[in-house]
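# what follows is a predicted protein model with its sequence.
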Amino acid sequence: MKHLVYIGNKLSKKGKTATTIDTLGKGLEAAGFEVTYASSYSNIILRFLDMLWTVFQKRKTTDYVLIDTYSTLNFFYAYAVSKLCQWLNLKYIPILHGGNLPKRLKNNPKLSASIFNKSYINISPSDFIKSEFETFGYFNVSVIPNSISINNYSFTERSMDKVDLLWVRSFSNLYNPKLAVTILFQLKKIYPKATLCMVGPDNDGSLKTTKAYADQLGIDVTFTGKLTKKEWVALSTNYSVFINTTNFDNTPVSVIEAMALGLPIVSTNVGGLPYLIEHNSEGILVNPNHPEAFVDAIKQYKNNTVFRTSVIKQARLKAESFDWKHIKQQWLTTLK
């Protein structure tokens, strides 16, 4: 049996959104790997120390160390853990998350080289991050997409008698949640009964800011806070369009899930989104910070049933390619 140490922010039981460490970790366990995780401490210092200690403690039994690697503070966790792995002569694999990682490559070239040039392999969930890394001279990157369990997502062809928008994400400035409120405000000028539901926990104070902005505009928005995957999937049956307002992104699982559910997507055309969604075939991509373009796209879905039906069926087919049964073999080959 192969032994893995998985380093990341395993905080889904502490009010945060479940991330790859939760989903991929479970999949690898089911595939026969023994996985040790670090860390679930809420305190960032304790979490950081636990990551280092876990790697050191498992140094004689682990075959690979997987490191969820983001562009924010987590980047420095990844750097420290990678240096420890190098010192202990352990094979480590950064898993490259976050559409803003290329900025980190530019701003911290020496730290980046120290992590990514010395890894066993770097895993990117999208061709977008792979191509960006290659631009900076990193050619040891393989693409293994994020996965879902397709059987958990019932495909539903829904009408658009009403325009009911769904937004699912952690509330973070990177994801531009206030834009969703602006979209609803403008949409109500055309469809007065339009609604918006925003699902997700607060990450950086953006939830409070977004609520205040909705109050300022005088419109009702449903804020559910964090929901389990099962809860928001059930909730999604009440909505007719999924909007993704982010300014930076890689391959968001929530968008893949919406595609699987049969929700037509309108997303900003940033980061890895054009690699995930074929414009006007599997969804509609628009420029960031452009609420008028979102409104136009939503009108196109509402007014053209043939187009909408075609898009959601093609999107479902794309989502099926992300099922774990397809993705699992790529991980098994990498961790052979």
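Sure thing, it's come through. Residues are numbered from 1 along each chain as shown.
# against residue 22, how distant is residue 16?
Separation of residue 16 from residue 22 (C-beta to C-beta, to the nearest Å): 10 Å. C-beta: built from backbone N, CA, C; applies to glycine.
# what segments of the stretch 1-150 of the chain are strands?
3-7, 34-38, 64-69, 92-96, 122-124, 141-143 (DSSP state E, counting those that start in this stretch).
# okay, which residue is most central for the chain?
Closest to where the C-alpha atoms of the chain average out (C-alpha atoms, centre = their mean) is residue 252, at 2.9 Å.
# so what's the residue count around the closest residue to that one other than its chain neighbours?
If you skip the residues right next to it in sequence, residue 252 has residue 244 as its closest partner in space, 6.7 Å away by C-beta to C-beta, 6 or more residues apart in numbering. If you count neighbours by other C-beta atoms under 10 Å, residue 244 ends up with 28.
# which helices and strands sit right next to whichever strand or helix holds residue 255?
Assigned by DSSP states H and E, residue 255 belongs to helix 253-261. For helix 253-261, the packing partners by 3 or more C-beta pairs under 8 Å, 6 or more residues apart in numbering; DSSP states H and E come out as strand 164-168, helix 229-235, strand 241-244, strand 265-268, helix 273-276, helix 305-320.
# highest mean neighbour count out of the ones you listed?
Taking mean count of other C-beta atoms under 10 Å as the contact definition, the stretch among those with the greatest mean neighbour count is strand 241-244, which reaches a mean of 26.
# what's it in contact with?
Counting by C-beta atoms under 8 Å, 6 or more residues apart in numbering, the neighbours of strand 241-244 from elsewhere in the structure are 160, 163-169, 180, 183, 236, 252, 254-255, 258, 263-268, 273, 294, 298, 301.
# now stretch 184-192
Residues beyond stretch 184-192 that count as contacts (C-beta under 8 Å, 6+ apart) turn out to be 162-163, 165, 194-196, 217, 219, 221, 291-292, 295, 298-299, 302.
# compute the first-to-last residue distance for that stretch.
Distance between the two ends of stretch 184-192: 10 Å, counting by C-alpha to C-alpha, to the nearest Å.
# roughly how far out does that stretch sit from the chain middle?
Offset of stretch 184-192 from its chain centre (C-alpha atoms, centre = their mean, to the nearest Å): 28 Å.
# please apply the same query to stretch 305-316.
Worked out by C-alpha atoms, centre = their mean, stretch 305-316 lies 23 Å from the chain centre.
# stretch 277-287 too?
Between the mean C-alpha location of stretch 277-287 and the chain-wide mean there is a distance of 17 Å, by C-alpha atoms, centre = their mean.
# can you show me the CA trace of it as PDB?
These are the backbone C-alpha positions of stretch 277-287, laid out as PDB (Å, rounded to 0.1, in the frame of the first residue of the first chain):
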ATOM      1  CA  ILE A 277     -16.100  26.400 -21.000                       C
ATOM      2  CA  GLU A 278     -16.300  26.600 -24.800                       C
ATOM      3  CA  HIS A 279     -18.000  30.000 -25.400                       C
ATOM      4  CA  ASN A 280     -21.500  29.800 -26.800                       C
ATOM      5  CA  SER A 281     -21.300  26.000 -26.800                       C
ATOM      6  CA  GLU A 282     -21.000  25.000 -23.100                       C
ATOM      7  CA  GLY A 283     -21.800  28.400 -21.500                       C
ATOM      8  CA  ILE A 284     -21.400  32.100 -22.100                       C
ATOM      9  CA  LEU A 285     -18.200  33.900 -21.200                       C
ATOM     10  CA  VAL A 286     -18.100  37.700 -20.700                       C
ATOM     11  CA  ASN A 287     -15.600  40.300 -19.700                       C
END
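# who touches that stretch?
Contacts to stretch 277-287, defined as C-beta under 8 Å, 6+ apart, come from residues 255, 259, 264-269, 273-274, 293-294, 296-297, 300-301, 310-311, 314-315, 318.
# how about that stretch: buried residues?
Neighbour-count burial for stretch 277-287, with 16 or more other C-beta atoms under 10 Å as criterion, is recorded at 277, 282-286.
# in this structure residue 203 contacts residue 172, no?
Yes - taking contacts as C-beta atoms under 8 Å, residue 203 lies within contact range of residue 172: 4.1 Å.
# run the angle between the helix holding residue 255 and strand 164-168 for me.
Between the axes of helix 253-261 and strand 164-168, defined by axes from the mean of the first three to the mean of the last three C-alpha atoms, to 10 degrees, the angle is 140 degrees.
# what's in contact with helix 253-261?
So helix 253-261 is in contact with 23, 146, 148, 150, 153-156, 166, 168-169, 229, 233, 236, 242, 244, 265, 267, 273, 276-277, 282-283, 312, 315-316, 318-320, 322, going by C-beta under 8 Å, 6+ apart.
# next, count neighbours for residue 217.
Neighbour count for residue 217, taken as other C-beta under 10 Å: 14.
# pretty sure residue 106 contacts residue 136?
Yes - in this structure, residue 106 sits in contact with residue 136. The criterion is C-beta under 8 Å, and the distance is 7.5 Å.
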